[in-house]
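Chemist: Here you go, sequence then predicted model.
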Amino acid sequence: MSKGFFFPLGDAIRTKEFPILTISLIIINVVVFIWSLSNFENTIVNYGFIPIQLSLITIFTSMFLHGGFDHIFGNMWYLWIFGDNVEEKYGKLGFIGLYLLSGIAATFTHLITNIGSNVPAIGASGAISGILGSYLALFPHAGVHVRFGYMLTQMPAFVVIGGWFLMQLIFGAVSLVGGVGSGIAFWAHIGGFVFGYVVTKMMKFNS
């Protein structure tokens, strides 16, 4: 996940159920990352999503690959903080469905905004963005413990997650005119987030 205005340290909502799927997804991602290090470049080329070489298999495999330790740490940190509450609300089957479908929506958004690219796209960011969108729809006023510079404080989710999403929109817009060369798939984040938010709103959960 790319950084937002605030770095989240945890949220104030405690879950009643053990978040087995959230933890399982973290373990799977870490195991796949360690495995990929044995032949990293070959793994990324073969299993990353390359827009110019559209493959249904890599739509899924790319979700479990990461480009480095910072990449996987950031993604898994966000999943750990926000995934458990969404998992409890959706239930096991619904949560894994939301996660995977958000990842697919993110990949197709990336495809549309990167037609003809031969650069592999990897990472769970799109799927986790869907979880963030869902969390915002479910718990907009939930307290999120954050670090803001050297200050530790608590802010509502709509400020923390909303600030993160605003940055994706800004950098995504700039990337369309070639102004951002960071290698971050901002539009994948946007696509996954919007999918998670809209689907959750349609579900009409009682928060």
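Modeler: Ah, there it is. Numbering: from 1, shown residues only.
Chemist: in stretch 153-161, what counts as buried?
Modeler: Judged by neighbour count (16 or more other Cβ atoms under 10 Å), stretch 153-161 contains these buried residues: 155, 157, 159-161. Where you see a C-beta, it was placed from the backbone N, CA and C, and this is true even at glycine.
Chemist: Quick check on the most centrally placed residue in the chain: phi, psi?
Modeler: By Cα atoms, centre = their mean, the chain has its centre lying nearest to residue 128, at 2.5 Å. With angles defined as degrees, to the nearest 10, residue 128 sits at phi -70, psi -30.
Chemist: Show me where this structure has its strands.
Modeler: Ranges of strands in the chain, per DSSP state E, are 7-11, 143-148, 151-156.
Chemist: what packs against the first one?
Modeler: Just to be clear, that refers to strand 7-11. Other helices and strands packing on strand 7-11, by 3 or more Cβ pairs under 8 Å, 6 or more residues apart in numbering; DSSP states H and E, are helix 69-90, strand 143-148.
Chemist: for the ones you listed, which one ends up most surrounded?
Modeler: Counting by mean count of other Cβ atoms under 10 Å, helix 69-90 has the highest mean neighbour count of the helices and strands packed on strand 7-11, with a mean of 20.
Chemist: Please export the C-alpha coordinates of it as CSV.
Modeler: C-alpha atoms of helix 69-90 as CSV (Å, rounded to 0.1, in the frame of the first residue of the first chain):
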residue,chain,number,x,y,z
PHE,A,69,10.1,-6.4,2.0
ASP,A,70,8.7,-2.9,2.2
HIS,A,71,6.0,-3.8,-0.3
ILE,A,72,4.8,-6.9,1.5
PHE,A,73,5.1,-5.3,5.0
GLY,A,74,2.9,-2.4,4.1
ASN,A,75,0.3,-4.5,2.4
MET,A,76,0.1,-7.0,5.3
TRP,A,77,0.1,-4.3,7.9
TYR,A,78,-3.0,-2.7,6.4
LEU,A,79,-4.7,-6.1,6.0
TRP,A,80,-3.9,-6.9,9.6
ILE,A,81,-5.4,-3.7,10.9
PHE,A,82,-8.5,-3.4,8.8
GLY,A,83,-9.2,-7.0,7.6
ASP,A,84,-10.4,-8.5,10.9
ASN,A,85,-13.4,-6.2,11.3
VAL,A,86,-14.5,-6.7,7.7
GLU,A,87,-14.1,-10.4,8.0
GLU,A,88,-16.3,-10.5,11.0
LYS,A,89,-19.0,-8.4,9.3
TYR,A,90,-19.0,-10.4,6.0
